[in-house]
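Colleague: Let's see this in three dimensions:
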Amino acid sequence: MNAEHSDHAVIAAFQSGDEFAFVTLYNRYKEGIYVFCKKVLLDESAAKDVTQETFLRVYENRHRLLKTDAFRSWIYTIARNQCYNYLRRAKRFVELDPGVAVDRLDSSTPFAELEKSDQVAMVNKLLGLLKIEYREVLVLREYQNLTYEEIAQVMKTSVSSVKSRLFKVRRKLADEYTAYAARSESTPSTTKPKRVVGAATTVSINTSSPAVELKSAAGGGRDSSEKSG
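Modeller: Numbers count the residues shown, from 1 in each chain. From the prediction side, this is the model:
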């Protein structure tokens, strides 16, 4: 049973104006919303402000939530809208600082394997190279573990479009890793690489050098069907 299904009673109470229910929902969702905002905006300070603005809008618009089982997609929709509002006001896209603190990925997602492989800084750097529509879909799926249907609701698009974007962004990340490996080939290697499979790719990581090799994994990864769309 996911968190949203266990929230029904609390959400219903929140819709009725129960202040304690709002505090409960805030405590349950604030971390996920903050991580989403930070990965989309690539700015910790802005993410904190946008997270607070998101919950303010949630509180003010609770009467607009028609179904309690749609709360998770509803709150991420509000967070996404607030991120775009911030970017429009700022009129700029900031690049990710490689030194920024890294958030833990959902342990049930393939990208968690990349984190275990000590390639987090590179993954975060590559996130900054993505267009926002690709960055957000990746964050919603791999960091927040939303379903395709929920992501489609948040992004106001189709499930097939979500799968297509995920396929494209994962392929782009694989290409960027390949380029990184090519630049690192001159580094001597004395340790046998270990292999990590995830996100429809196979990553060969040399534990004694920064070289990384990314190859397509036939049938590998969680979402081999995402190429269509």
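
Colleague: CA atoms for contacts and neighbours, from now on please.
Modeller: Fine.

Colleague: got any ranges where the chain has weak pLDDT?
Modeller: Under the criterion pLDDT under 70, the flagged ranges of the chain are 1-6, 92-121, 181, 184-229.

Colleague: give me that answer again for 80
Modeller: Within the chain, the stretches with pLDDT under 80 are 1-6, 66, 91-126, 176-229.

Colleague: ok, and the closest non-adjacent residue to residue 169?
Modeller: Of all residues not flanking residue 169 in the chain, residue 134 sits nearest, at 6.0 Å (Cα to Cα, 6 or more residues apart in numbering).

Colleague: Buried by neighbour count: which residues of the top helix by length along the chain qualify?
Modeller: Assignment by DSSP state H gives helix 159-183 as the longest helix of the chain. Under the neighbour-count criterion of 16 or more other Cα atoms under 10 Å, helix 159-183 has 159-167, 169-171, 173-178, 180-181 buried.

Colleague: other SSEs contacting it?
Modeller: Applying 3 or more Cα pairs under 8 Å, 6 or more residues apart in numbering; DSSP states H and E, one finds that helix 159-183 contacts helix 132-138, helix 148-155, strand 212-216.

Colleague: can you redo those as TSV with distance to residue 123 and mean neighbour count?
Modeller: Converted to TSV, these look like this (distance: least, Cα to Cα, whole Å; neighbours: other Cα atoms under 10 Å):
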stretch	distance to residue 123	mean neighbour count
helix 132-138	11	20
helix 148-155	21	20
strand 212-216	12	19
